[in-house]
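# what follows is a predicted structure for the sequence shown.
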Amino acid sequence: MPLARSLITTVKTELRGRRLTDTELDAYDVLSPELAKRARIFRIRWLPSDYLGITLGHRIFLATDVAPDGKSPLLAHELVHVRQWHELGIVGFSMGYVSDFGRGLQANRRWKAAYSQIGAEVEARLATEAWLRRHLQFGRQAADDNQE
Ligand SMILES: [Zn+2]
């Protein structure tokens, strides 16, 4: 039953997430290949407005489809967060993220400005910009997607 098999594969992917393809493992050099192999990508239907992706540990939740061609700044950005989670641990990453956000909110009184100044987000944007420069053949139009 090809249809049943296809349905089962779809459900498994929804529950477990997909791994990066070999092409993606080669392309996304913002983290070690060993760590990249542990990443799982989930396509979800809803995220808070303005968010295209959220990373929790090695799980990346995307509100948009990303082709497995190794050319997505959004996925590169989220993979930087996978590395940060790995380096800092759950407590270190979360505490830093929340305290940076709180400080930013106090200083700016604006959600978006506070969010953009979170240290982990600044690092992810810079690392993704550097990644884009290394892969400039597809770079320009993709640069605008480097915001999550
Ligand atoms: Zn981010």
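Cool, the structure landed.
# all helices of the chain, in order?
Using DSSP state H, the helices of the chain run over residues 2-16, 22-27, 33-38, 73-108, 111-116, 119-134.
# list the buried ones in the last one?
By that I understand helix 119-134. Ala120, Glu121, Ala124, Arg125, Ala127, Thr128, Glu129, Trp131, Leu132 (16 or more other CB atoms under 10 Å). Every C-beta, even on glycine, is put in place using the N, C-alpha and C of the backbone.
# likewise the longest one?
Residues of helix 73-108 classed as buried: 73-86, 93, 97, 100-101, 104 (neighbour count, 16+ other CB under 10 Å).
# now do it: distance to the chain's middle.
Offset of helix 73-108 from its chain centre (CA atoms, centre = their mean, to the nearest Å): 11 Å.
# show me what it is packed against.
helix 33-38, strand 53-56, strand 59-62, helix 111-116, helix 119-134 (3 or more CB pairs under 8 Å, 6 or more residues apart in numbering; DSSP states H and E).
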